[in-house]
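K.L.:
after the sequence you'll find the predicted model.
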Amino acid sequence: MPLWLEIVVRTLVSVVVLFFLTRMLGKRQVSQLSLFEYITGITIGSIAAYISLDVDTDWYLGIIALVVWVLVSYGIEVLQLKSKRARAWIDSKSTVLIKDGKILEDNLKKEKLTNEELLEQLRKKNVFKAAEVEFAVIEPSGEVNVLLKSEYQPITPSHLGIKVAPEPESQAVILDGRVMDEPLSTLGLNRAWLDTELEKLGVSIDNVFLGQVDGYGQLYVDLYDDQLQVPEPQEKASLLAQLKKCEADLEMFALSTENTEAKQMYTDCSNQLIQVIHDVRPILSQ
């Protein structure tokens, strides 16, 4: 067999074996790596390169080494799942870097982290003052997670005592100019509805790179032609305006009638509609 062909075959074999062995190790190997997983990834890659290029030795020896490394890594992952002590020893523990706005210098030295690197990690979390941090913790993966003090946290509806309905899942109904019928059916819609919405926007399906429908039935599109400006959907704003108009009409009816019972009925309905508008405004104003 020619040398170049042998290298091609060995490379293909190593790629296939490496693919299946990596699948066996799970998705954690391709996300945030612990120290041991980092070492394992480098070693497995080196062995795979050895299998491809070291034609002076038998290729199956590299496969054996690769399998052994993967089995060891897999065994350690199983051990970590079963033993908290093993997890702490292999992956180490999280370390508090900032507590109550005070940087813990000893813990920084323990993690071999400089103050400039700490500030860089804080900026990645959109935090520019260490004094605003309640806790900052470095995880075994090396990522720094930050909890701001209560007075510096963004205001959310829960802080204001407002209950917000869960956001329904959006569906991609157009991809690369092609209509996706299954997501449309999931939303209870059809192509006729989609054609009508596209006509309102003044665009054709062929020019749509991505089209999404949110849980409230509003269509958002991204066009191939970036120079074209697409108007934002107005269904929510229109519904809110209609509710306000109905409330105003009820107030007008209450003022214009001389019948006491009718006046009271219109007033009660108006008050109920005001409460409805108050409840749905957070949703319709998004």
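P.N.:
Ah, there it is. This structure is a prediction, so every number in the text was calculated from the model and none was measured. Numbering: from 1, shown residues only.
K.L.:
okay, helices next: where are they in the protein?
P.N.:
3-25, 35-53, 59-82, 84-91, 105-110, 115-124, 181-186, 191-201, 235-256, 260-284 (DSSP state H).
K.L.:
nearest to residue 214, out of the ones you listed?
P.N.:
Closest to residue 214 of the helices of the chain is helix 235-256 (C-beta to C-beta; 9.6 Å). For every residue, glycine as well, the C-beta is placed using N, CA and C.
K.L.:
and the nearest residue to residue 86 once chain neighbours are set aside, how many neighbours?
P.N.:
Nearest non-adjacent residue to residue 86, counting by C-beta to C-beta, 6 or more residues apart in numbering: residue 79, 4.8 Å away. By other C-beta atoms under 10 Å, 14 other residues sit near residue 79.
K.L.:
what of the one 3 residues further on?
P.N.:
Neighbourhood size, residue 82 [other C-beta under 10 Å]: 9.
K.L.:
and what of residue 128?
P.N.:
Using other C-beta under 10 Å, the number of residues around residue 128 comes to 9.
K.L.:
do you know how far the closest residue to it other than its chain neighbours is from residue 130?
P.N.:
Leaving aside its sequence neighbours, residue 128 sits nearest to residue 122 (C-beta to C-beta, 6+ apart; 7.1 Å). Between residue 122 and residue 130 the distance is 7 Å, computed by C-beta to C-beta, to the nearest Å.
K.L.:
of the two, which one has the most company?
P.N.:
Using other C-beta under 10 Å as the criterion, residue 122 and residue 130 rank with residue 122 on top: 20 against 17.
K.L.:
from the centroid of this protein, which residue is nearest?
P.N.:
The structure's the chain has its C-alpha centroid closest to residue 169; by C-alpha atoms, centre = their mean the separation is 12.8 Å.
K.L.:
gap between that one and residue 279?
P.N.:
In terms of C-beta to C-beta, residue 169 sits 22 Å off from residue 279.
K.L.:
follow-up on the earlier one: any chance of the helices of the chain in CSV with mean pLDDT and distance to residue 219 as columns?
P.N.:
Formatted as CSV, the helices of the chain follow (pLDDT from 0 to 100; distance: least, C-beta to C-beta, whole Å):
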stretch, mean pLDDT, distance to residue 219
helix 3-25, 68, 38
helix 35-53, 72, 43
helix 59-82, 78, 45
helix 84-91, 72, 46
helix 105-110, 90, 51
helix 115-124, 91, 35
helix 181-186, 88, 11
helix 191-201, 87, 4
helix 235-256, 76, 9
helix 260-284, 81, 17
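K.L.:
can I get these in JSON lines with distance to residue 220?
P.N.:
Output for the helices of the chain, formatted as JSON lines (distance: least, C-beta to C-beta, whole Å):
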{"stretch": "helix 3-25", "distance to residue 220": "36"}
{"stretch": "helix 35-53", "distance to residue 220": "39"}
{"stretch": "helix 59-82", "distance to residue 220": "41"}
{"stretch": "helix 84-91", "distance to residue 220": "42"}
{"stretch": "helix 105-110", "distance to residue 220": "45"}
{"stretch": "helix 115-124", "distance to residue 220": "29"}
{"stretch": "helix 181-186", "distance to residue 220": "13"}
{"stretch": "helix 191-201", "distance to residue 220": "10"}
{"stretch": "helix 235-256", "distance to residue 220": "11"}
{"stretch": "helix 260-284", "distance to residue 220": "16"}
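K.L.:
what's the domain layout of this protein?
P.N.:
Domain assignment for the chain, taken from automatic domain parsing, gives 3-89, 95-152, 171-233, 236-284.
K.L.:
closest to residue 158 out of the ones you listed?
P.N.:
Proximity to residue 158 (C-beta to C-beta) singles out domain 236-284 among the domains of the chain, at 11.8 Å.
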